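**Student:** Here you go, sequence then predicted model.
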Amino acid sequence: MAASRGQFRVGIVGVGAAGRAFLPAFKAHAGFDLVAIAEPVAEARDSVAAEMGCAGYPNLPSMLQGADLDAIYIATPSELHPEHARMAFAAKKHVLTEKPMAVDLKQAQAMVDDAERAGVLLVVGHAHGYDLPIQRMREIVAGGELGRVRMIHTWNYTDWIYRPRRPDEFDIGKGGGVTFRQGSHQFDIIRLLGGGLVRSVRAVTYDWDPQRSAIGAHTVFMQFVDGTTATAVYNGYGYFSAMELCGDVTEWGFIETVEQRTPVTRSSAGRSAADELQAKRQRAKGAIPASAPFQPTFGLTVVSCERGDVRQSPRGLYVYSADGRNEIVLPTDKSPRDLVLDEFHDAMTGARPPVHDGRWGLANLEICIAAIDSSQSGQEIALKHQVASPR
């Protein structure tokens with residue numbers, strides 16, 4: 001039942017980096033009332049509950065029992081998503097879950113099935129497919145003015161491996177490493193722009209630093225059923241920034257130039273698990289801004305159509321055609337997380353079905369797993385769970 005102000009009453013389970021990043025979006029959205037959080041770490045629970053003026057609970061079962069909720073946002077570690085979704089579905093609550101939705105396909109399929117049996121929604125986000133430039137790219141592609149899509153390339157270079165990490169974030173058995181955690185964004189972008197139906201995956205993943213052993217980089221080649229091809233390149237070892245691919249970093253509102261950027265510390269010597277966790281919690285408090293003066297970017301994405309190319313610009317998109325280069329300036333009044341909540345709210349009200357539903361999330365997860373399997377086996381992997389992107 002919706003709250004008396006016409007809002008849906010929502011609870012968050014997990015207030016680490018992902019959960020905290022959504023707080024401004026929930027606070028600003030007229031369609032949601034954040035009434036409860038569930039978090040086992042008392043300091044984090046008390047801090048967020050006080051900040052948001054909501055109730056705090058030590059775990060999801062106690063929150064489900066104690067709070068009157070319409071929906072749950074699951075922002076816990078990936079391996080806990082299936083269990084927490086199962087509890088929410090059993091209580092007939094709609095679910096918005098972080099990506100990846102699970103760490104294996106059986107778990108993801110069970111989540112889809114449980115949601116359908118309960119008659120509630122399952123939406124998988126946040127993914128950078130929600131970024132406004134990507135959404136506008138998708139509209140251009142669907143409009144057909146540049147002809148058919150033939151190639152899609154998305155490349156990102158960051159210091160992901162050397163940021164503060166919990167042990168599970170390195171463990172592929174728990175959904176760790178860049179292919180699960182960052183590839184989820186890239187594969188979502190590619191599938192949205194290419195129509196969704198990827199036929200096969202061929203990939204190589206890399207683990208370059210024994211002191212931070214994990215999948216830290218990958219190159220993934222995808223072929224769609226219509227012959228469109230795509231590549232996803234991610235390097236999380238921090239020597240080069242993808243901002244340079246998108247233009248001068250100062251264009252994106254960063255104070256430092258490339259030459260002034262603080263070098264990444266690549267040694268984990270002397271850093272205990274407790275040190276990592278403390279640094280991660282501290283970083284989560286303010287590392288992900290709710291808004292920025294320029295459009296969000298997850299590396300560089302280039303879409304090549306028969307009669308032109310499209311890529312991001314700091315203010316929106318550059319469209320290249322026989323007429324030259326044209327820039328499309330996009331508004332900056334909504335963050336990607338605002339757009340996630342718009343999609344979730346529209347689905348809950350019945351205004352329109354979600355793009356990022358459980359089956360879409362399952363298809364993205366399948367590519368993550370196929371990329372890792374392909375690297376291990378040296379084989380091309382055929383896909384079975386792909387679904388078309390709604391037009």
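**Tutor:** Perfect, I can see it now.
**Student:** any idea how far the residue nearest to residue 99 when sequence neighbours are not counted is from residue 103?
**Tutor:** Using CB to CB, 6 or more residues apart in numbering and skipping residues adjacent in sequence, the residue nearest residue 99 is residue 184, 4.2 Å away. To be clear about C-beta, it is placed using only N, CA and C from the backbone, and glycine gets the same treatment. For residue 184, the distance to residue 103 (CB to CB, to the nearest Å) stands at 11 Å.
**Student:** more neighbours, those two?
**Tutor:** Using other CB atoms under 10 Å as the criterion, residue 184 and residue 103 rank with residue 184 on top: 27 against 24.
**Student:** Please name every helix or strand in contact with the lengthiest helix in the chain.
**Tutor:** Assignment by DSSP state H gives helix 358-377 as the longest helix of the chain. Packing contacts for helix 358-377, counted by 3 or more CB pairs under 8 Å, 6 or more residues apart in numbering; DSSP states H and E, involve helix 105-118, strand 122-124, helix 178-181, helix 183-194, strand 198-206, strand 217-224, strand 381-382.
**Student:** If we use 6 Å, what do you get?
**Tutor:** Packing partners of helix 358-377 (3 or more CB pairs under 6 Å, 6 or more residues apart in numbering; DSSP states H and E): helix 105-118, helix 178-181, helix 183-194, strand 198-206, strand 381-382.
**Student:** tell me which residues of that helix are tucked away?
**Tutor:** 358-372, 374-375 (16 or more other CB atoms under 10 Å).
**Student:** same thing with stretch 81-99?
**Tutor:** In stretch 81-99, counting by 16+ other CB under 10 Å, buried: 81-82, 84-89, 91, 93-99.
**Student:** would residue 153 count as being in a helix?
**Tutor:** No: Residue 153 is assigned strand when assessed by DSSP: H, G, I helix; E, B strand; the rest coil, not a helix.
**Student:** Give me the neighbour count for it.
**Tutor:** Neighbours around residue 153, by other CB under 10 Å: 17.
**Student:** what residues are up against it?
**Tutor:** Residue 153 is in contact with 231, 302, counting by CB atoms under 6 Å, 6 or more residues apart in numbering.
**Student:** Swap in 7 Å and give it another go.
**Tutor:** 230, 231, 302 (CB atoms under 7 Å, 6 or more residues apart in numbering).
**Student:** about what we covered before: what angle sits between the longest helix of the chain and helix 105-118?
**Tutor:** 170 degrees (axes from the mean of the first three to the mean of the last three CA atoms, to 10 degrees).
**Student:** how big is the angle separating helix 358-377 from helix 183-194?
**Tutor:** Using the same axes, to 10 degrees, helix 358-377 lies at 120 degrees relative to helix 183-194.
**Student:** Return the distance of helix 358-377 from the chain's centre.
**Tutor:** 15 Å (CA atoms, centre = their mean, to the nearest Å).
**Student:** count of neighbours near residue 224?
**Tutor:** 20.
**Student:** Contacts only, for it.
**Tutor:** Residue 224 sits in contact with 194, 195, 197, 198, 199, where contact means CB under 7 Å, 6+ apart.
**Student:** of these, closest to residue 241?
**Tutor:** Nearest to residue 241 among the contacts of residue 224, counting by CB to CB, is residue 194 at 26.2 Å.
**Student:** How are the helices of the stretch 251-391 of the chain distributed by residue range?
**Tutor:** 273-284, 336-349, 358-377 (DSSP state H, counting those that start in this stretch).
**Student:** Next, the buried residues of the second one.
**Tutor:** By neighbour count on 16+ other CB under 10 Å, the buried set for helix 336-349 is 336, 337, 338, 339, 340, 341, 342, 343, 344, 345, 347, 348.
**Student:** list the contacts for the residue nearest to the fourth one when sequence neighbours are not counted?
**Tutor:** Which is residue 339. The shortest distance from residue 339 to any non-neighbouring residue, by CB to CB, 6+ apart, is to residue 130 (4.6 Å). Residues in contact with residue 130 (CB under 7 Å, 6+ apart) are 336, 339, 340.
**Student:** same thing but at 8 Å, please
**Tutor:** 336, 337, 339, 340, 343, 356 (CB atoms under 8 Å, 6 or more residues apart in numbering).
**Student:** surely the last one meets residue 346?
**Tutor:** No: between residue 356 and residue 346 there is no contact under CB atoms under 8 Å: 11.6 Å.
**Student:** tell me, how many neighbours does residue 39 end up with?
**Tutor:** Around residue 39 there are 26 residues (other CB under 10 Å).
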